[in-house]
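Trainee: Return atomic coordinates for the entry below.
(chains A and B, ligands or ions: 1)
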Amino acid sequence: MQLKHVLTICPYCGCGCGIYLEVLDGEIIRTIPSKTSPVNQGRLCIKGWSAHEFVVSPKRLKRPYLRKQEKLHEASWDEVLDFTASRLREIREKHGPDSIAFLASAKCTNEENYLLQKLARAAIGTNNIDHCARL
Amino acid sequence: MTNSIDEIKYADCIFVIGSNTTLAHPLVATRIFQARDNGARLIVADPRKIQLASFADLYVRQRLGTDVALINGMMHVILKNGWHDEAFIGERTENFEELKKVVEKYTPEKSSEVTGISPEDITRMAEYYAKAPRSTILYAMGITQHTTGVDNVKSLANLSMLTGNVGKESTGVNPLRGQNNVQGACDMGGLPNVYPGYQAVNAVDIRTKFEKAWKVRLSDKPGLTLTDLFPAILEGKVKALVVMGENPLVSDPDSHHVEKALRALEFLAVIDIFMTPTAEIAHVVLPAASFAEKDGTFTNTERRVQRIRKAIDPPGEARQDWVIIQEISNRVGYQMNYSSPEEIQNEIASLTPSYGGITYDRLGGEGLCWPCPDKEHPGTKFLHKDRFARGRGLFHGIEYIPPAESPDDDYPFWLTTGRVFVHYHTGTMTRNSPSLDQEMREGYLEVNPADASAIGLKDGDKAKIASRRGEIISRIFITERVDKGTVFMSFHFLEARANVLTNPALDPIAKIPEYKVCAVRVEKWE
Ligand code: SF4
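Mentor: Predicted coordinates for the structure are as follows:
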């Protein structure tokens, strides 16, 4: 049996409470508050206490999907990544870079958001990127 | 936030407007209660009688969308009684005369006519706020999700500057961000007009800096905002969309219109951890890692950059988002060769002055609040200490403008939207969490008892709710929390999508839709 506690941040609201994920043999078994976090100082709200639950939901996506004849089918990473890149290249060639847009996420990390806007601006050549925080 | 969360507990007066704090930001609410225990006064202004109202020294219920008139009324009283901070106004601000001229007209009586709050209460609000040594303002989407959202925020800034309640500990104008990394997504340039760190895409020197670092020519044309995006798709200008971790089909106003736009795309790619309604209509769906399965940083509402750490592997073949983006980029023909999120953060620090001193080795326990320009800088607890970013703080004289849509004979009720305690945003995460889901399985419409009996509705009945944009069916919940003539609904549930009803009318500057106000009809549904 291997038990570890990983210090991380609650994924829900903008408070950004410090939490520990308790991991037993590679599976998260519960969430506990960080006492030293300047934000929550050892407390959590109901969402924080259940922060790990959706992570282990059986409904999590486990494979890539590709639409063929109107329906989504499981596919390999190479297939979906190649398809994505070729569609983006074709559309850019035909309609210009500003015919492509991106939506960044308030649920993803800084690094991921940085990279997505770099993909939009440097790789595709458009400033069409926004996020859903207005909402 | 201009100030940090923990400072709230040392404030002498807390003015909460348009924030259901106990529910949307519970750990900020704990500081409000600590401040109250220390003797602070609490003022709550909200069209719904939210939980925090029962702890307030003064609770007022303004009519929907009348915040500017309320704040102008408070400022009128402050000026009239000489409760303003002349030294602060003289040394730190400009354009005071314009403010005075506009506010002059907003007597408590006039403000009362618009807001429905008594002149006495407006006077007391002004007195509590202005006379306390340290007053702080907390607000959320109840202020910003209006066609006058920017006016509302500027009015709060006026109020704080008028009384010298900014640039000091335990004061400030503090927006509470709804989602955990909204702050970070904006900081990182997830916006159509700026690079990371709010550096404008159309400023030549800045663009040159990024062109050099990224070794590519960049466009100086600001892009489309989210709310301009859907019309642009329907006009055929935008053909492809890549969505990371968002669910616009449920979260955006006027859902039917959004769905039509998404279906019109030649190519839609969705990167997410669940098969969301948006993913279901995509051409490709790329399975991503949740927060527990990756390393990185989040920036909270007080600008605190904190580390998240990988606890477990992603399920099945799911991959971390940064790996997915890198793979797409390489296949499109632009090389990315990062080996870890830390390497990405180092690039962020090199290009973003406010994040310049932020490296993983410094983010051990408490994180760092930006601006943190260099490796020795300790971070910044509160903003605007000796000067504002632009130099002097600018007052704006702002007139009250009514909401874009008001009730009439066909749609006689005001509808406003918000969150419920256990759920979050479109429910993708919380509704897949058994302990949260069991607390609340369906959405409901809050109706005042008088209205319910006039329509002939009993608690738990089903009602049809219709606006000019669409209609939905929902159970009703009879409560005094909402005023007569107003109904409330949360926006987390796909089966009763409140956003089928909401008005996509935008604030002209911030482009935020008016989620908080629209007109609806409510009738019994058998
Ligand atoms: S524990 Fe609650 S208050 Fe803290 S970040 Fe999570 S949702 Fe917000």
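Trainee: So what's the residue count around residue 14?
Mentor: Because you didn't say which chain, this covers chain A. As a burial measure, A:G14 scores 28 neighbours (other CB atoms under 10 Å in any protein chain shown). To be clear about C-beta, it is placed using only N, CA and C from the backbone, and glycine gets the same treatment.
Trainee: wrong one, chain B
Mentor: B:I14, neighbours per other CB under 10 Å, totals 30.
Trainee: wait, isn't it in contact with B:L42?
Mentor: Yes - B:I14 lies in contact with B:L42 (CB atoms under 8 Å); the separation is 5.2 Å.
Trainee: Can you check which residues contact both of these two?
Mentor: Common contacts of B:I14 and B:L42 (CB atoms under 8 Å, 6 or more residues apart in numbering or on different chains): B:I32, B:A35.
Trainee: where does the spatially most central residue of chain A land on pLDDT?
Mentor: Among the residues of chain A, A:C108 comes closest to the average C-alpha position under CA atoms, centre = their mean, at 4.5 Å. Looking at A:C108, its pLDDT reads 92.
Trainee: What's the separation between it and B:F274?
Mentor: 14 Å (CB to CB, to the nearest Å).
Trainee: now swap in B:M161 and tell me
Mentor: Distance from B:M161 to B:F274, by CB to CB: 44 Å.
Trainee: Can you spell out which helices and strands pack onto the lowest-mean-pLDDT helix or strand in chain A?
Mentor: In chain A, no helix or strand scores lower on mean pLDDT, DSSP states H and E than helix A:46-49, which sits at a mean of 85. The contact analysis (3 or more CB pairs under 8 Å, 6 or more residues apart in numbering or on different chains; DSSP states H and E) places helix A:46-49 against strand A:27-33, helix B:434-437.
Trainee: lowest-confidence stretch among those?
Mentor: helix B:434-437 has the lowest average pLDDT among the helices and strands packed on helix A:46-49, namely a mean of 67.
Trainee: Might you report the residue contacts of the residue in chain A that the ligand sits nearest to?
Mentor: When scored by CB to the nearest ligand atom, chain A has A:G48 as its residue closest to the ligand, at 2.3 Å. A:G48 makes contact with A:C10, A:Y12, A:C17, A:I19, A:T31, A:P33, A:N40 under the criterion CB under 8 Å, 6+ apart.
Trainee: can you pull out the helices in the stretch 151-300 of chain B?
Mentor: Using DSSP state H, counting those that start in this stretch, the helices of the stretch 151-300 of chain B run over residues B:182-187, B:204-214, B:226-234, B:248-251, B:255-264, B:277-280.
Trainee: for the longest one, what is the average pLDDT?
Mentor: For helix B:204-214, the mean pLDDT works out to 95.
Trainee: same deal with the third one?
Mentor: Taken as a whole, helix B:226-234 has a mean pLDDT of 90.
Trainee: Pull the number of nearby residues for B:G223.
Mentor: Quick note: B:G223 (other CB under 10 Å) scores 23 neighbours.
Trainee: Of B:M161 and B:F274, give the one with the bigger neighbour count.
Mentor: Set B:M161 next to B:F274 and count neighbours by other CB under 10 Å: B:M161 wins out with 26 against 20.
Trainee: Measure how far the least confident helix or strand of chain A is from the centre of its chain, please.
Mentor: What separates the centre of helix A:46-49 from the centre of its chain is 19 Å, taken as CA atoms, centre = their mean, to the nearest Å.
Trainee: for stretch B:271-287, same thing?
Mentor: The answer for stretch B:271-287 is 25 Å, by CA atoms, centre = their mean.
Trainee: got the domain boundaries for chain A?
Mentor: Per automatic domain parsing, the domain ranges recorded for chain A read A:3-49, A:62-95, A:97-135.
Trainee: Need phi/psi at the residue of chain A most remote from its centre.
Mentor: Distance from the C-alpha centroid of chain A peaks at A:K94, with 30.3 Å (CA atoms, centre = their mean). The phi and psi values for A:K94, taken as degrees, to the nearest 10, are phi -80, psi -40.
Trainee: Against B:I281, how distant is it?
Mentor: Taking CB to CB, one finds A:K94 at 22 Å from B:I281.
Trainee: what's the answer for A:L119, then?
Mentor: 22 Å.
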